[in-house]
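Student: Model the following, please.
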Amino acid sequence: VRDSRPMMAAEGGRLLLDAVEGPLSWMRQVSGEYARGIGSRAMTSMALGPVGRFLQDDAADESAGLIGGLATVGFLLLVAFFIFWNSFYIVHQAEGMVIERFGKFNKVLLSGWNWVIPFIDQPRSITWRKTHVGVDGRLEDETINQTRIDLRESMFNFMRQEVYTKDTVLLDVNSLMFYRIFDIKKATYEVEDLQSALSNTAQTQLKEIFGKLTFTEALASQRSINEHLVQQFSKLFLGWGIHVERMELLDLVPKSIGEAMKKQMIAERQRRGDFIISEGKKSAMKLQSEGTMKVQINMGIAEQQNTRKVSEGEKDAKIELARAERSALEELGAVMREDKIRQSDYMIAQRY
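Tutor: Okay, the predicted model is just below:
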């Protein structure tokens, strides 16, 4: 966190020198003229004897008094500047400071220009481990003791922890927390060592979570683990003035898998392969049975339609034959009536 007080000190010193430069130049001019006057009077006193020595002593006393006055004025100006410098703080945006009066909490300074009582109101310092990305791209931790508390979203890198899973696999877990301080007073006074409290709480929660999961489930459930940690940490850290934004598991490395873990992984992959093959056979049989059923249904529908078409054709043929016979009989009857032939003669002629 950058402190703007050195810059303000330089600016205040420059303004103070500008303000004092005028009176000092006037005093130097007056003292020069006065010294020249004293010198001329001293030369005169040498010519006048005892009276001259009296005037010379008087001039020396006046010169010493003038130098003492200038020293007093300079000292008073320095004291005034020191008091003025310790009576205000400039707090940057997204920063905060805790002010104590006689060792007791007084107020929290927010961004802007803040006045305090000098030498009575003092800022409270807090020890914190700040995480940042180094030049090589790796996360680096730095323990700092500062009076200005950063209110922006920051990172807290938890130390690597060893936890056991449900199937007794030792894992080396490294997690990263993104947090934001929303209550400066709670973060300063509600817990003695904030960073140690965060680390110990995280260690307990990680052991509890991974103790309920197998190694395979832990590898496949990192997102749900992060969400669960956010919920648990938000409840625990709320009383310390910290809001957890999100959690990230950086590393999840097994340390003691050995030959047993290798056999387990091979068996698990074999089981998955057999399961996939059986699922394929079951799907093939299901599709085959569904295809056979559809073929039989279509064949039945086709036979039904064929029978219906045949019956309809036979019906139409019989109707047409009956109509043809009727027309023939009508034609025959008309001819027999015209030729005056009896039906018995027609039947005998047709028979014989």
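
Student: for the chain, which spans come out with low pLDDT?
Tutor: 1-64, 256-262, 345-346, 350, 352 (pLDDT under 70).

Student: ok, which stretches of it are helices?
Tutor: 5-48, 50-85, 184-189, 194-210, 215-220, 222-237, 258-339, 343-351 (DSSP state H).

Student: so how many other residues sit close to residue 128?
Tutor: 18 (other Cβ atoms under 10 Å). (Each C-beta comes from the backbone N, C-alpha and C, glycine too.)

Student: Can you tell me, leaving aside adjacent residues, what's nearest to residue 234?
Tutor: Once flanking residues are discounted, residue 234 sits nearest to residue 244: 4.9 Å by Cβ to Cβ, 6 or more residues apart in numbering.

Student: The one you found and residue 227 touch, don't they?
Tutor: No. Counting by Cβ atoms under 8 Å, residue 244 sits too far from residue 227 to count as a contact (11.2 Å).

Student: What's the separation between residue 286 and residue 293?
Tutor: Residue 286 is 11 Å from residue 293, where distance means Cβ to Cβ, to the nearest Å.

Student: When residue 244 and residue 227 are compared, which one has more neighbours?
Tutor: residue 244 (21 against 13).

Student: Is that one bridged to anything, and to what?
Tutor: Listed by DSSP bridges, the beta-bridge partners for residue 244 are residue 179.

Student: again, but for the one 5 residues further on
Tutor: Bridge pairing for residue 249 (DSSP bridges) gives the partners residue 175.

Student: Verify the stated contact: it with residue 177.
Tutor: No. Counting by Cβ under 8 Å, residue 177 is not a contact partner of residue 249; they are 10.8 Å apart.

Student: Between these two, which has more neighbouring residues?
Tutor: It is residue 177, of residue 249 and residue 177, that has more neighbours when counted by other Cβ under 10 Å, with 22 against 16.

Student: can you pull the contacts of that one?
Tutor: Residue 177 makes contact with 155, 156, 158, 198, 202, 233, 244, 246, 247, 248 under the criterion Cβ atoms under 8 Å, 6 or more residues apart in numbering.

Student: Give me the neighbour count for residue 130.
Tutor: Neighbours around residue 130, by other Cβ under 10 Å: 17.

Student: I'd assumed residue 152 was in contact with it.
Tutor: No. Applying Cβ under 8 Å as the test, residue 130 and residue 152 come out as separate, 11.7 Å apart.

Student: between these two, what contacts are shared?
Tutor: Common neighbours of residue 130 and residue 152 (Cβ under 8 Å, 6+ apart) do not exist.

Student: Can you tell me, leaving aside adjacent residues, what's nearest to residue 128?
Tutor: Closest to residue 128 by Cβ to Cβ, 6+ apart is residue 144, at 5.9 Å.

Student: residues near the one you found, how many?
Tutor: 11.

Student: what's the answer for the one 4 residues further on, then?
Tutor: Under the neighbour criterion other Cβ under 10 Å, residue 148 is assigned a count of 19.

Student: quick one: it from residue 74, how far?
Tutor: The separation that residue 148 has from residue 74, given Cβ to Cβ, amounts to 33 Å.

Student: Please apply the same query to residue 114.
Tutor: From residue 114 to residue 74 the distance is 29 Å (Cβ to Cβ).

Student: quick one: residue 187 and residue 128 touch, right?
Tutor: No. Assessed by Cβ under 8 Å, residue 187 is found out of contact with residue 128, at 9.3 Å.

Student: what residues are shared contacts of those two?
Tutor: residue 194.

Student: Report the contact partners of residue 208.
Tutor: Counting by Cβ under 8 Å, 6+ apart, residue 208 touches no other residue.

Student: hang on, the earlier thing: mind listing what the residue nearest to residue 234 touches?
Tutor: Contacts of residue 244 (Cβ under 8 Å, 6+ apart): 177, 178, 179, 230, 233, 234, 237.

Student: From the residues you listed, keep the buried residues only.
Tutor: Among those, the ones that count as buried by 16 or more other Cβ atoms under 10 Å are 177, 178, 179, 230, 233, 237.

Student: and the gap between the second one and residue 158?
Tutor: Read it as residue 178. Distance, residue 178 to residue 158, using Cβ to Cβ: 12 Å.

Student: swap in the third one?
Tutor: When distance is defined by Cβ to Cβ, residue 179 is 11 Å away from residue 158.

Student: again with the fourth one
Tutor: When Cβ to Cβ is applied, the distance between residue 230 and residue 158 equals 14 Å.

Student: Need the residues touching each of these two.
Tutor: Common neighbours of residue 230 and residue 158, counting by Cβ under 8 Å, 6+ apart, are absent.
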